[in-house]
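Visitor: coords please:
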Amino acid sequence: MKKHNFNAGPSILPREVIEKTAQAVLDFNGSGLSVLEISHRSKDFEVVMNETVALFKELLNIPEGYSVLFLGGGASMQFCMIPFNLFEKKAAFLNTGVWANKAMKEAKGFGEVVEVASSKDANYTFIPKDYVIPTDADYFHITTNNTIYGTEILTDIDSPVPLIADMSSDIFSRPMDVSKYGLIYGGAQKNLAPAGLTFVIVKDELLGKVSRYIPTMLNYKTHIADGSMFNTPPVLPIYSALETLRLLKANGGLAEMEKRNIAKAELLYNAIDNSKIFVGTAAKEDRSRMNICFVMKPEYKELEADFQKFASERGMVGIKGHRSVGGFRASTYNALPIESVQALVDCMQEFEKLKA
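Guide: The predicted structure is shown next:
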């Protein structure tokens, strides 16, 4: 039976990337050695690192004056690393879910934190609008895609202070204007590579301005100076990221990815909106293209477990919703083919015919 992988993360990777990574694990670059056992400072791996950085800059059209870093620790490490480097007196946050809250919690240890707006009272089912960003804040932090609640910020915000964005789950899913951001970061395990790699894109001129001591490993300037090799980087995920970026470029770049992602999202949302038994959970104007959340209508609530079993028997993997939302979540990252979305839609419609 064909499996359709809707896992929220770690999530689906292109089959070609998996196969090329597997080959590199067995024999990297014809060296007779595995990519797992070569020196990260070898010339062969230096080529990998340089090309990965170059493709990041090319595909995202990153302007001059920004550095691209590959680190460990996940996006969660960035929740404290960002304030260590950028927080002097005040930071502002848009509260759109669990990950925004976690970032805010860490920042509170560094000074005044301002929550400019929140959708918590509505269980984060929408992106707040019409808020005011304090002009005396050191930075304004957003989470562009909310994997748990299925909302997404699809435009590049104009901010009067440096804009910081957690883009763990929607990086490379659409073209974007990097010049509007002071720092972009994320875990790579959704749209880019296996778990273990964290990417950071930072505007160089923002660094070196805080008065506090920054621990060496938490200082972005440490990693910029050593090309992300101050210590041993996560070499295998970096290699996989390179293969993903090569594939993205070969398939038309981010404009093509956005076109495909819109088509997948529209297919599934249309099925949800026209269903007698399913209903979406996020406000329509803020729906995520990456994580599509839906539940059973109240009169069919008791059928959720039945549908979960029904879908699993037909090859649907990872569609159970997060416990804070319930229901179902289909993660439709770049690597998921539209055929898998169609298979889920067919499954939903088949179940509806049997039960409605």
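
Visitor: ok, the spatially most central residue of the chain - contacts?
Guide: What sits nearest the mean C-alpha location of the chain, by CA atoms, centre = their mean, is residue 169, with 1.5 Å. When contacts are counted by CB atoms under 8 Å, 6 or more residues apart in numbering, residue 169 touches 8, 9, 145, 147, 186, 190, 191, 290, 291, 333. C-beta: built from backbone N, CA, C; applies to glycine.

Visitor: can you give me the distance of it to residue 158?
Guide: Distance of residue 169 to residue 158, computed by CB to CB, to the nearest Å: 23 Å.

Visitor: what of residue 321?
Guide: Distance from residue 321 to residue 158, by CB to CB: 33 Å.

Visitor: residue 306 now?
Guide: Using CB to CB, residue 306 is found at 47 Å from residue 158.

Visitor: compare these two (neighbour count), which wins?
Guide: Comparing residue 306 with residue 158 by other CB atoms under 10 Å, the one with more neighbours is residue 306, at 14 against 9.

Visitor: what is the burial count for residue 136?
Guide: Counted with other CB under 10 Å, residue 136 comes out at 11.

Visitor: nearest spatial neighbour of it, skipping sequence neighbours?
Guide: Distance criterion CB to CB, 6 or more residues apart in numbering; nearest residue to residue 136, sequence neighbours excluded, is residue 90 at 6.2 Å.

Visitor: give me phi/psi at the one you found?
Guide: phi -150, psi 140 (degrees, to the nearest 10).

Visitor: what residues does it make contact with?
Guide: By CB under 8 Å, 6+ apart, the residues touching residue 90 are 111, 112, 113, 114, 134, 136, 137, 138.

Visitor: closest to residue 98 among those residues?
Guide: Nearest to residue 98 among these, counting by CB to CB, is residue 113 at 16.5 Å.

Visitor: pLDDT weak spots in the stretch 1-150 of the chain?
Guide: By pLDDT under 70, the stretch 1-150 of the chain has no low-scoring segment.

Visitor: all helices of it, in order?
Guide: Assigned by DSSP state H, counting those that start in this stretch, the helices in the stretch 1-150 of the chain fall at 15-26, 43-60, 74-86, 98-107.

Visitor: contacts made by the last one with the rest, please.
Guide: Spelled out, that is helix 98-107. Helix 98-107 is contacted from outside by 75-76, 78-80, 82-83, 87, 91, 93-95, 113, 115, 141-143, 146-148, 166, 168, 324, using CB under 8 Å, 6+ apart.

Visitor: just the angle between that helix and helix 74-86, please?
Guide: Interaxial angle of helix 98-107 relative to helix 74-86 (axes from the mean of the first three to the mean of the last three CA atoms, to 10 degrees): 40 degrees.

Visitor: next: the second one.
Guide: Relative orientation of helix 43-60 versus helix 74-86 (the same axes, to 10 degrees): 80 degrees.

Visitor: other SSEs contacting helix 43-60?
Guide: Packing partners of helix 43-60 (3 or more CB pairs under 8 Å, 6 or more residues apart in numbering; DSSP states H and E): strand 66-71, strand 198-203, helix 235-250, helix 253-273.

Visitor: if I read this right, residue 269 contacts residue 287, doesn't it?
Guide: Yes - using CB atoms under 8 Å, residue 269 is in contact with residue 287, at 6.4 Å.

Visitor: quickly list what's touching both of the two.
Guide: By CB under 8 Å, 6+ apart, the residues touching both residue 269 and residue 287 are residue 280.

Visitor: between these two, which one's more packed in?
Guide: residue 287 (22 against 18).

Visitor: among the helices and strands packed on helix 43-60, which is nearest residue 33?
Guide: Short answer: helix 235-250, nearest of those by CB to CB, at 12.0 Å.

Visitor: buried residues, that closest one. List them.
Guide: 235-248 (16 or more other CB atoms under 10 Å).

Visitor: reformat the residues you listed as TSV; add pLDDT and distance to residue 105.
Guide: Conversion of these to TSV gives the following (pLDDT from 0 to 100; distance: CB to CB, whole Å):
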residue	pLDDT	distance to residue 105
235	97	31
236	98	31
237	98	27
238	98	29
239	98	34
240	98	31
241	98	29
242	98	34
243	98	35
244	98	31
245	98	32
246	98	38
247	98	36
248	98	34
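
Visitor: and those, which two are the farthest apart?
Guide: That would be 235 and 248, which, of the buried residues of helix 235-250, are the farthest apart (CB to CB) at 20.4 Å.

Visitor: out of the buried residues of helix 235-250, which is nearest to residue 69?
Guide: Proximity of the buried residues of helix 235-250 to residue 69 (CB to CB) peaks at residue 238, which lies at 11.2 Å.

Visitor: measure the closest one to residue 77 for me?
Guide: Distance from residue 238 to residue 77, counting by CB to CB: 16 Å.

Visitor: now swap in residue 336 and tell me
Guide: For residue 336, the distance to residue 77 - CB to CB - is 27 Å.

Visitor: with residue 355 instead?
Guide: Separation of residue 355 from residue 77 (CB to CB): 45 Å.

Visitor: those two: which has the busier surroundings?
Guide: Using other CB under 10 Å as the criterion, residue 355 and residue 77 rank with residue 77 on top: 17 against 14.

Visitor: cool, thanks, talk later.
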